[in-house]
Every structure is written in structure tokens, then in C-alpha cells.
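Chemist: okay, sequence plus prediction incoming.
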Amino acid sequence: MQSANIKIKEIRARQIKTNLPNPIQLGSYVMTFRTFAHVAVELADGTIGNAFGLDRSAPTVEAIKKVVIKGYQDIFTGDPISAYDQLMRQAGPVLSAGAALRGVSLVDLAAHDAVAKHEKRTVMDRFGKREKSVPKWAVIGYPPSRGPDEIAWEVQDAVAAGAVGVKLPVGLTPELTRARIEAALETRLCAVATDLAWSCRVAEDAVKIVGGLDLAWVEDPFLPGNMDQLRRLRSLQSSPVATGDDESHLYHPQALLETESVDIIRLDATCQGGLSRLYLLNEFLTEKNIPISWHVYDSWHSQIAAILDAPSLSVEYSAPGANVDPLQELIFANRSKTVSQDLYGWKMTMPDLADEVMALAGGAKWIPIPN
């Protein structure tokens, strides 16, 4: 899979701030904007690969500039997997978690994009794979302050757009969270999951919200590291437990899988080592045979799901205007205009954006989910 003697001309990193037209409140946490780290890898021939991910206001761009760019560029000869492996072995203690691992992940994803575009192939093609039919799930219910009476129409719209399931975030209160979930279930149109966004301290807190409900999964009920509470939650209720999509450290996902703490593992290439690390984990993930649920960023996760042999349960999408993933929503909304050029790499066109932009307004507007 190495493209012979490709050199990197420049790696650029910046933060993009997307101001939200309506605040998002997850429990007691209020967001009026979302910030992303954007990485562009430019090859010697001018080919540019892109990647981005939520930086959670961590110094991801600073980490990329200080500890990733020079080492990666010096090592790179055309194979992103080899470059990732060498870089981590040189500076693993510094790059193994947090903002630094997020930075490595985005540089890796952008490098895979650039090399595939250079070869006029998709990233999947470079691994000899074709797209799998992975169930498409819609992230709905934003902003989380919306009441249950407003949930049914979005379930209907998401299903009409091609979603086979919907996932709702935690509401302003445990009571509202449960009422919103019940409203989605009552439509009987599709499977329903919920993201509790680390809001529970013990398993009993989560059971008060989801106990007795027939859910596809209960996601991220506790802060990372609470394997004992995850296992207890599995024993106290019947819905599958999933977690891990934003854990940015090299003990994920092995710690969760080796301790049998989850029924479904959540993965996110933007903060867990990019495609290269997940590919290096392919044999382990396949042997564990625990279904993978991918955290948004469908531009790469739909292809990574095809590259890995491990089973994928879902790839997520959010509607333009929902502001779950404002940058991906901008790409999604413009896909009908860019489809003729979305042929290679990650098959997406990165918008030409200023460092501060306004996210799409008007609430979620579901359009057909791309194949």
C-alpha cells in the first residue's frame, strides 16, 4: 500500500470556530460554539489531503505544530501506516493521549486522503476494499432542550432520508431525557439509542433513565475509566451498553474489550490514532467480534468500516442545521454540488472556510443520506 517516494511539502493546522445559531445544552453544559482542528497535508506535487475533528477546546493545533508536524514530515515516504508507527515509537509517551493523539490522528487521516488522491483512488481502494452496507443512523434531538412533542417529526424525517435508527442526546434533566426517548420509541419507525454524555455517576443513575426501555444501546453513561459501573449497568438492565467514541488514549479500546465492559464499542478515528492505528488493531478487533458503532464523521468512518474486517453496527449522520457536527453538516448539505469532484481520497470536498464561521441555521433539515 506504499506509494513510492512521496514527499510531503507542508502540513498545515488551524482551529476553525463554528458559532452556533442556537445554544446546545447537554445537562448543565452549555455550548454556544464548537471548535475544530483542521489539518491539510500537501504533497510535493500539490495534492492536498484534509481532515478535521472536534478539538473540545483542547490545544490540538498547538500540539500538531509543536510535536507532530516535523517528526511526521521527516519520516513520511509514502505510507501513512509506516509513518504513524515510526512516529509513535519515537515519541509515544508525548503523543499517546489527549490533544497530542488527536493531532496525530488528524495528520494521519489527512495523509491517507492526500496519498489516495495522488493515486486517483479512494482510501478504500488502496486497501483493496469496497464499501460495505453499514446501517445508517441519524443523530437527532438537537438542541437537547426540545421537548418530547418535537421528537416524532424528526424521527419521521430521518427515516424518510434513509436512517435505520436514531440516537438522542441527554436532555436537560433525567426526566426529560427519558420522555424524549419514549417519544422516539412510540413512533415505532426504527430502532432508538441514547447518548447519556457522561452524565451518570453510578449504574443506578442510568437505570432511572433507561430502565425498562427497549433500546438499541445506551451510550457513554459514565466518565472514561468506570469499567466497574459499565459492567454493573449491563447486569441491571437489558439494553446493550456502548462507550468509547471520544476517549483519546492508547488504552482504548483494548481496556474496554479485555474487561468485557461493553456490548458495543464506540470508535472515532479523529482522536484514537487515525486510520493507521485502527488498521493496526484490525486483527484484535476482529477476534473480539464486538460490534463497532462509529462516532459521526461519516466521510472517513464509512470507508474505515469497509477497510476493517471487524463488524460495524452503525455509521452516524446529522442533518444540516442540527449542529451536532457543523463542519460535516456543511459538507453534507453541499454534496449535491460537489459530487462530480468527490471521487478520490475520503470522497469529500473541504469547504473554503474562514477561521471563524457561523454554523448552518434553521434547525435540522434531513436530506437523503448519501450512499
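Modeler: That came through, no problem.

Chemist: hey, where'd the strands end up in the stretch 251-371 of the chain?
Modeler: Using DSSP state E, counting those that start in this stretch, the strands assigned to the stretch 251-371 of the chain run over residues 264-267, 292-294, 312-318, 356-358.

Chemist: tell me which residues in stretch 269-280 are buried?
Modeler: 269-279 (16 or more other CB atoms under 10 Å). (Glycine included, C-beta is placed from N, CA and C.)

Chemist: mind picking the two most distant members of the residues you listed?
Modeler: Distance extremes for the buried residues of stretch 269-280: the farthest pair is Cys271 and Tyr279 at 15.9 Å, using CB to CB.

Chemist: now for Arg121: which residues touch it?
Modeler: Tyr344 (CB atoms under 8 Å, 6 or more residues apart in numbering).

Chemist: so how far is Ala58 from the closest residue to Val164 other than its chain neighbours?
Modeler: Distances taken as CB to CB, 6 or more residues apart in numbering put Pro135 closest to Val164, at 4.7 Å, once the chain neighbours are dropped. Pro135 sits 31 Å away from Ala58, going by CB to CB, to the nearest Å.

Chemist: can you tell me the element Leu168 falls in?
Modeler: Following DSSP states H and E, one finds Leu168 within strand 165-169.

Chemist: what's the following helix or strand after that strand?
Modeler: Next helix or strand after strand 165-169 toward the C-terminus (DSSP H and E): helix 174-186.

Chemist: helices or strands up against that following helix?
Modeler: In this structure, helix 174-186 packs against helix 151-160, strand 165-169, strand 191-195, helix 203-210, with contacts taken as 3 or more CB pairs under 8 Å, 6 or more residues apart in numbering; DSSP states H and E.

Chemist: Glu62 contacts Gly98, correct?
Modeler: No: the pair Glu62 / Gly98 is not scored as a contact, 11.7 Å apart, by CB atoms under 8 Å.

Chemist: centre-most residue in the chain?
Modeler: His295 (3.1 Å; CA atoms, centre = their mean).

Chemist: most distant residue from the middle of the chain?
Modeler: The chain, farthest from centre, CA atoms, centre = their mean: Asn5 at 31.1 Å.

Chemist: which residues sit in contact with Pro59?
Modeler: Applying CB under 8 Å, 6+ apart to Pro59 gives the contacts Ala99.

Chemist: ok, longest strand in the protein?
Modeler: strand 8-26 (DSSP state E).

Chemist: and whichever helix or strand comes after that strand, what's buried?
Modeler: Later in the chain than strand 8-26, the nearest helix or strand by DSSP H and E is strand 29-43. Buried positions in strand 29-43, judged by neighbour count with 16+ other CB under 10 Å: 33-43.

Chemist: hmm, back to that, just want to know which of Pro135 and Ala58 has more residues nearby.
Modeler: Ala58 (18 against 15; other CB atoms under 10 Å).

Chemist: next, give phi and psi for the more buried one.
Modeler: When read as degrees, to the nearest 10, the backbone of Ala58 gives phi -80, psi 160.

Chemist: my read: it touches Arg102, true?
Modeler: Yes: Ala58 is in contact with Arg102 according to CB under 8 Å; the separation is 6.8 Å.

Chemist: quick one, what contacts the closest residue to Arg178 other than its chain neighbours?
Modeler: Nearest residue to Arg178 in three dimensions, chain neighbours excluded: Ile209, at 5.1 Å (CB to CB, 6+ apart). By CB under 8 Å, 6+ apart, the residues touching Ile209 are 174, 177-178, 181, 194, 196, 200.

Chemist: name the member of the residues you listed with the most neighbours.
Modeler: Using other CB under 10 Å as the neighbour criterion, Thr194 leads these with 29 neighbours.

Chemist: pretty sure it contacts Asp214?
Modeler: No: taking contacts as CB under 8 Å, Thr194 lies outside contact range of Asp214: 11.8 Å.

Chemist: run a quick neighbour tally on Gly53.
Modeler: Gly53: 29 surrounding residues under other CB under 10 Å.
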